[in-house]
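*Asks:* Test case, fold it:
(one chain, ligands or ions: 3)
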Amino acid sequence: MEIDKAIRESDDRRLKTKYNNAIYVIKRALALYSIEEVAFSFNGGKDSTVLLHLLRAGYFLHKMEQKCSNGGLTSFPIRTIYFESSAAFPEINSFTYDTASSYGLQLDIISSDFKSGLEKLLKANPIRAIFLGVRIGDPTAVGQEQFSPSSPGWPPFMRVNPILDWSYRDVWAFILTCKVQYCSLYDQGYTSIGSIHDTVPNALLSISDSCCKEKFKPAYLLSDGRLERAGRAKKFSSSSNADGNGSGSVDSHKSSLLVASVIAVGEEILFGTVEDQLGPSLRRKIHSIGWSVPQTVVVQNDKDSVAEEVERRKSTNDMVFIYGGVGPLHSDVTLAGVAKAFGVRLAPDEEFEEYLRHLISDHCTGDQNEMALLPEGITELLHHEKLAVPLIKCQNVIIFTATNATELDNEWDCLIELTRSCGFLPMMVPYVSKHLQTNLSDVRIKVYHFTQFINFYCDMI
Ligand SMILES: Cc1cc2nc3c(=O)[nH]c(=O)nc-3n(C[C@H](O)[C@H](O)[C@H](O)COP(=O)(O)O)c2cc1C
Ligand SMILES: Nc1ncnc2c1ncn2[C@@H]1O[C@H](COP(=O)(O)OP(=O)(O)OP(=O)(O)O)[C@@H](O)[C@H]1O
Ligand SMILES: [Mg+2]
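*Replies:* Ligands and ions are numbered 1, 2, ... in the order given. Down below sits the predicted model:
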């Protein structure tokens, strides 16, 4: 089997481990369910492309173990389902159909939505388990394990996620090591593909060329996999608004004042043993971009207190900025509090761990590094070359790691720059405020207003 051979011959130990684990999950599923009881959800995306090749390898190895294969993989009998949509990219459609015919997949094309499509499929077939290319970090992966029953309200089946623990880099390491074909959109700067309405090339791969059409590097060159969904954000700029719907976000925000909360975490601030320098500075910065900050709260280093405050503010404010309580001490519970506020657990973040490893080298011991535990499935790392450690963004909550005013200045400036280039936050660009001074006395101003009013009134009648 070519895939198995390519991995065995590679000297990428990490990839080998990921591959072995995924194959183990696939073989377990094939031992638990008969071949008629499993299905593969394939949509031509990079993750499902990886899964296709893993499934073929896993199926082959499973057959070998059952001693019912004489060496070659002639057919792949796992039912494959594709939810077709008129909003899919034509490149995705054609890649899906071409791949299905190249590998002899039995493709079931479903035109309804996921839930009702699955209901029909399960009524007509004995399917009990479905393989998916879901990975930690996908919004839909929150709370999922490698074997996760479908959610309440969905038809009953087991979701099998063999590449749940794979990172963006693992996916590309596999595709490039095994030299498998992938959808052409990934060579045009797309890094995660949704529908034509919500997906654009990832701006981080843009090759700036002032005179010509914008060009993009291929997806596998994205250095920070955490930003793979940057191209799936809402289209903020009117120039990228192909269908005329995307510009709503910015324009609607322009007319209303955006509201932020500031949360400071720490007993020392709460009890006044140290002067809080960051809070006032942060409020000024937020005002400078035209936002209002009606509330600043100080909470103690306690997971539940942080969670309670974040939960309350995240739903009523456009953005929540939080600082303090991030670090290696047991009392540093800000991230745990944020995770609790969103109802997710803390999970090791490989990319963040790597940053910490560079920063504190020997003192950091791989998986045991508790500082690399971040809220699962909702965390985006915002990288900037001027930051030793990226900023942490959990939906509309930004966590600053700054411990003094200079660090905060730097983190803030980087956030503003990143927002300009990638549109992480709505309208976070410096706001221009104009002051008008006059030497006129209050009486003359009032007389002027009164005259204006009389003129207006006369016009009306
Ligand atoms: C085969 C299959 C099974 C799914 N099972 C569930 C499920 O059990 N619970 C759920 O909330 N969503 C389920 N979904 C929906 C996905 O979680 C998600 O909403 C969908 O992939 C759309 O992702 P997108 O919004 O990133 O395009 C399923 C989707 C597919 C294709
Ligand atoms: N339209 C669809 N038809 C069949 N399966 C789907 C569909 N959309 C999503 N899935 C399943 O959900 C998984 C996760 O989707 P997701 O979009 O995150 O990954 P992907 O499409 O494989 O890659 P990418 O993140 O680059 O878009 C897919 O790998 C696939 O198993
Ligand atoms: Mg996709």
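*Asks:* Whichever residue of the stretch 151-300 of the chain sits closest to ligand 3: how many residues sit nearby?
*Replies:* Closest to ligand 3 within the stretch 151-300 of the chain is residue 193: 4.4 Å, counting by C-beta to the ion. (C-beta placed from N, C-alpha, C; glycine too.) Applying other C-beta atoms under 10 Å, we find 23 residues neighbouring residue 193.
*Asks:* wouldn't it be in contact with residue 45 here?
*Replies:* Yes: with contact defined as C-beta atoms under 8 Å, residue 193 counts as touching residue 45 (5.4 Å).
*Asks:* got any residues that touch both of the two?
*Replies:* 92, 183 (C-beta atoms under 8 Å, 6 or more residues apart in numbering).
*Asks:* ok, now how distant is the residue of the stretch 151-300 of the chain closest to ligand 3 from residue 452?
*Replies:* Separation of residue 193 from residue 452 (C-beta to C-beta, to the nearest Å): 57 Å.
*Asks:* sorry, back to before: checking the residue of the stretch 151-300 of the chain closest to ligand 3 next. Helix, strand or coil?
*Replies:* Recorded secondary structure, residue 193: coil (DSSP: H, G, I helix; E, B strand; the rest coil).
*Asks:* Enumerate every residue touching it.
*Replies:* 45, 46, 89, 92, 183, 185, 199.
*Asks:* three-state assignment of residue 162?
*Replies:* Classification of residue 162 by three-state DSSP places it in coil.
*Asks:* thinking again about what came up before, let me have the contacts of residue 193 in JSON lines, adding secondary structure, pLDDT and neighbour count as columns.
*Replies:* Output for the contacts of residue 193, formatted as JSON lines (DSSP: H, G, I helix; E, B strand; the rest coil; pLDDT from 0 to 100; neighbours: other C-beta atoms under 10 Å):
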{"residue": "45", "secondary structure": "coil", "pLDDT": "98", "neighbour count": "22"}
{"residue": "46", "secondary structure": "helix", "pLDDT": "98", "neighbour count": "24"}
{"residue": "89", "secondary structure": "coil", "pLDDT": "96", "neighbour count": "18"}
{"residue": "92", "secondary structure": "helix", "pLDDT": "97", "neighbour count": "24"}
{"residue": "183", "secondary structure": "coil", "pLDDT": "98", "neighbour count": "25"}
{"residue": "185", "secondary structure": "helix", "pLDDT": "98", "neighbour count": "21"}
{"residue": "199", "secondary structure": "coil", "pLDDT": "94", "neighbour count": "21"}
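*Asks:* If we check ligand 1, which of these are in contact?
*Replies:* Among the contacts of residue 193, not one lies near ligand 1 by C-beta under 6 Å from any ligand atom.
*Asks:* Redo those as a markdown table? Include distance to residue 334.
*Replies:* Output for those, formatted as a markdown table (distance: C-beta to C-beta, whole Å):
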| residue | distance to residue 334 |
| --- | --- |
| 45 | 34 |
| 46 | 33 |
| 89 | 39 |
| 92 | 40 |
| 183 | 39 |
| 185 | 38 |
| 199 | 33 |
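*Asks:* Would you mind checking which of the residues you listed is nearest to residue 289?
*Replies:* Closest to residue 289 out of those is residue 199 (27.6 Å), distances taken as C-beta to C-beta.
*Asks:* where does that closest one sit relative to residue 186, distance-wise?
*Replies:* Counting by C-beta to C-beta, the gap from residue 199 to residue 186 is 12 Å.
*Asks:* so what's the closest residue to ligand 2 within the stretch 51-200 of the chain closest to, chain neighbours aside?
*Replies:* With C-beta to the nearest ligand atom, the shortest gap between the stretch 51-200 of the chain and ligand 2 falls at residue 133, namely 2.5 Å. Distances taken as C-beta to C-beta, 6 or more residues apart in numbering place residue 47 nearest to residue 133, at 3.4 Å, with adjacent residues excluded.
*Asks:* Secondary structure element for that neighbour, which one?
*Replies:* Secondary structure from DSSP states H and E places residue 47 in helix 46-65.
*Asks:* same question, residue 280
*Replies:* Counting by DSSP H and E, the element that carries residue 280 is helix 278-288.
*Asks:* average model confidence for whichever helix or strand comes after that helix?
*Replies:* The helix or strand immediately downstream of helix 278-288 is strand 292-299, counting by DSSP H and E. The predicted model assigns strand 292-299 a mean pLDDT of 88.
*Asks:* where does the very next helix or strand once past strand 292-299 sit relative to the chain's centre, distance-wise?
*Replies:* Using DSSP H and E, the helix or strand that follows strand 292-299 in sequence is helix 303-316. Counting by C-alpha atoms, centre = their mean, to the nearest Å, helix 303-316 is centred 21 Å from the centre of its parent chain.
*Asks:* what's residue 260 sitting at in phi/psi?
*Replies:* Per-residue torsions, residue 260: phi -130, psi 160 (degrees, to the nearest 10).
*Asks:* Need the CA coordinates for whichever strand or helix holds residue 381. CSV is fine.
*Replies:* Take DSSP H and E as the rule and residue 381 turns out to sit in strand 379-382. In CSV, the C-alpha atoms belonging to strand 379-382 read as follows (Å, rounded to 0.1, in the frame of the first residue of the first chain):
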residue,chain,number,x,y,z
THR,A,379,-9.0,29.8,20.5
GLU,A,380,-7.3,31.7,17.8
LEU,A,381,-3.7,32.7,18.2
LEU,A,382,-2.9,36.1,16.8
